[in-house]
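J.: coords below, sequence missing:
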Ligand SMILES: CC(=O)[C@@H](O)[C@H](O)COP(=O)(O)O
Ligand SMILES: NCC(=O)COP(=O)(O)O
């Protein structure tokens, strides 16, 4: 496998989280997106949540006009979001599950349980002309169901592995997961999705350390990373934070996954 680094989609949601915390006009996720692109980001990702807790409609509208790479709109599979997507026409749409009360996205879409509804919804999303991605858990049944309903891309939820890989955390969740088991799910899931002909992306909870093992998995062509980059940017600056993530992704990709960890 070539050691070309995966594409980086920089998620600027949490720049908007800081802005919304005080109801100010700053910091502006639009400016952050431009800085990310200047630093080498391949894509800008935003999640327009139904409760508008961070990204606002105005952000998506301006980003559509200013992003020069690719705009990836994450959204719930609702009528309201479809209308916005048809108006905005992002380059890529990632369908994600959403719960109002969650602190952050807790799991992937259940394509298995919502097969018919999602298949019909995807057909309507195609009218936007966007590439369509489904955010799913590293679960073989979900991956097969995604291919079955015609997903071009799947973004595999890396959150459980990232929690398991966390050495220090202020939550107890990390201890519920086994690191190697979770990594193996990503390896096997990414391989399966690629075999089924889908482009494979990774996202959620990825930081400067755990990215090394995930980027080593050659089937992952794209990463969407937000919280860790925004957190680092608050201390070292946005462009540097993006460049350091790109370097870490390249390092991980170069190191590769040892064959003995690639269980079928
Ligand atoms: C779908 C996903 O993993 C990200 O978009 C994540 O949702 C970032 O935003 P939140 O922190 O609001 O969940
Ligand atoms: N889809 C995942 C994403 O866009 C960013 O998630 P996170 O890095 O903020 O956890």
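T.: Looks like it arrived, so ask away. Bear in mind the structure is a predicted one, so any value in this text is a computation, not a measurement. Ligands and ions are numbered 1, 2, ... in the order given.
J.: to what extent is the residue in the stretch 1-150 of the chain that ligand 2 sits nearest to buried, counted in neighbours?
T.: Residue nearest to ligand 2 within the stretch 1-150 of the chain: residue 11 (3.5 Å; CB to the nearest ligand atom). Quick note: C-beta positions are derived from backbone N, CA and C, even for glycine. For residue 11, the neighbour count with other CB atoms under 10 Å is 30.
J.: who's in contact with it?
T.: Remark: with contacts taken as CB atoms under 8 Å, 6 or more residues apart in numbering, residue 11 is in contact with 44, 45, 46, 47, 203, 224, 225, 226, 227, 229.
J.: those residues: which ones sit near ligand 2?
T.: Among the contacts of residue 11, the ones lying near ligand 2 by CB under 6 Å from any ligand atom are 45, 203, 224, 225, 226, 227.
J.: what confidence value was assigned to the fifth one?
T.: Here the pLDDT value assigned to residue 226 is 98.
J.: skip the chain neighbours and tell me the closest residue to it.
T.: Excluding the flanking residues, the one nearest residue 226 by CB to CB, 6 or more residues apart in numbering is residue 11, at 2.8 Å.
J.: among the contacts of residue 11, which one lies nearest to residue 166?
T.: Distance ranking of these against residue 166, using CB to CB, places residue 227 first at 12.6 Å.
J.: can you give me the neighbour number for the residue nearest to that closest one when sequence neighbours are not counted?
T.: Leaving aside its chain neighbours, residue 227 sits nearest to residue 14 (5.6 Å; criterion: CB to CB, 6+ apart). Neighbouring residues of residue 14 were enumerated by other CB under 10 Å; the total is 23.
J.: report the buried residues of the host helix or strand of residue 14.
T.: Assessed by DSSP states H and E, residue 14 sits inside helix 13-22. Neighbour counts over helix 13-22 (16 or more other CB atoms under 10 Å) mark 13, 14, 15, 16, 17, 18, 19 as buried.
J.: if we can go back for a sec, what pairs with the residue nearest to residue 226 across the strands?
T.: Beta bridges link residue 11 to residue 45, judged by DSSP bridges.
J.: need the strands for the chain, in chain order.
T.: 7-11, 43-47, 71-75, 92-95, 131-136, 153-157, 199-203, 220-225 (DSSP state E).
J.: mean confidence for the first one?
T.: Average pLDDT, strand 7-11: 98.
J.: neighbours around the closest residue to ligand 1 within the stretch 151-264 of the chain, how many?
T.: For the stretch 151-264 of the chain, the residue closest to ligand 1 is residue 204, as judged by CB to the nearest ligand atom, at 3.9 Å. Residues lying near residue 204 (other CB under 10 Å) number 25.
J.: quick check: phi and psi at it.
T.: phi 100, psi 120 (degrees, to the nearest 10).
J.: least trustworthy helix or strand in this structure by mean pLDDT?
T.: Here the helix or strand of the chain ranked lowest by mean pLDDT, DSSP states H and E is helix 159-165, holding a mean of 93.
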